[in-house]
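K.L.:
Dropping the sequence and predicted coords here.
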Amino acid sequence: MKNIPKVIKLFYIQRFFHHLNFFWAVDKLFFASKGLDPFQISLLLAIWSAYTLIFEVPSGAIADRWSRRWIMVIGSIFHTLAYLVWLFAFEFWGLLLGYIFRGTGSFLQSGTKEAMVYDHLKALGKESDYEKYTGYLWVVTSAAFLCASLFSGLIADRFSYGLVIILTIATNLI
C-alpha cells in the first residue's frame, strides 16, 4: 500500500465509507415494516431503476462540464436526503421520494468517481495503472459492504431501523 499515491488512498477511504452502508442489507425489511407489500417494494425498485437508467448518460456530460468534486459532494447530499426521507416517511410516496433522491445521488456519482481516479492518475503520469487501482476500488467496496452487512441486521434487531439509517447517514457523510 506504500506505493499507492496519496490521492488514490483518499479515494479508497471515501469508497469504503460510502459503501459501509448499513441500510442496504435491511432495506426491504425496513420497507415491509413501514407497511409496504412485496408488490409495492418491487414497484419502488422498478421506478428507481428506470429513473437512474434514464439519467445515467446525461450525468456523464454534467461531470465533464462541471467540477467533479462538487458533483461528488452534491451526490452525497442527495444520498443523505434519501436516508433522511426514509427515516421520517411512513407511506409509499414518501419512500419513493427517498428512492428518487437515492437515484439522483447514484447517477451523479457513478462515472464521476472513476473519472476522478483517472484524472489524478493521469496528472501523476500513472494512467496506465488505472485498471489496477479501480480493481482495488471494487475490493474496498466489497469489503465495506461485507462489514456493514454483518452488523446491520443485528443493529436493526437489537436497536432499530432508525439507528441503521443514522449510521448510514454518518458513513455517507464521511
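P.N.:
Yep, that arrived. Residues are numbered from 1 along each chain as shown.

K.L.:
where are the low-confidence patches of the protein?
P.N.:
Where the chain drops to pLDDT under 70, the residues are 1-2, 59-60, 63.

K.L.:
so how far is whichever strand or helix holds residue 132 off the chain centroid?
P.N.:
In this structure, residue 132 sits in helix 130-158 according to DSSP states H and E. On the basis of C-alpha atoms, centre = their mean, to the nearest Å, helix 130-158 sits 11 Å off its chain's mean C-alpha point.

K.L.:
With stretch 21-32 instead?
P.N.:
Taking C-alpha atoms, centre = their mean, one finds stretch 21-32 lying 14 Å from the centre of the chain it belongs to.

K.L.:
Stretch 82-89 too?
P.N.:
15 Å.

K.L.:
and the longest helix for the protein?
P.N.:
helix 92-123 (DSSP state H).

K.L.:
about what we covered before: buried sites along the helix holding residue 132?
P.N.:
133, 134, 136, 137, 140, 141, 144, 145, 148, 152, 155, 156 (16 or more other C-beta atoms under 10 Å). Yep, even glycine has a C-beta here, placed from its N, CA and C like the rest.

K.L.:
what does stretch 71-83 give?
P.N.:
Residues of stretch 71-83 classed as buried under the neighbour-count rule (16+ other C-beta under 10 Å) are 71, 72, 74, 75, 76, 77, 78, 79, 80, 81, 82, 83.

K.L.:
Turn these into a markdown table, columns for secondary structure and distance to residue 168.
P.N.:
Output for those, formatted as a markdown table (DSSP: H, G, I helix; E, B strand; the rest coil; distance: C-beta to C-beta, whole Å):
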| residue | secondary structure | distance to residue 168 |
| --- | --- | --- |
| 71 | helix | 21 |
| 72 | helix | 17 |
| 74 | helix | 18 |
| 75 | helix | 15 |
| 76 | helix | 12 |
| 77 | helix | 14 |
| 78 | helix | 14 |
| 79 | helix | 9 |
| 80 | helix | 9 |
| 81 | helix | 12 |
| 82 | helix | 10 |
| 83 | helix | 5 |
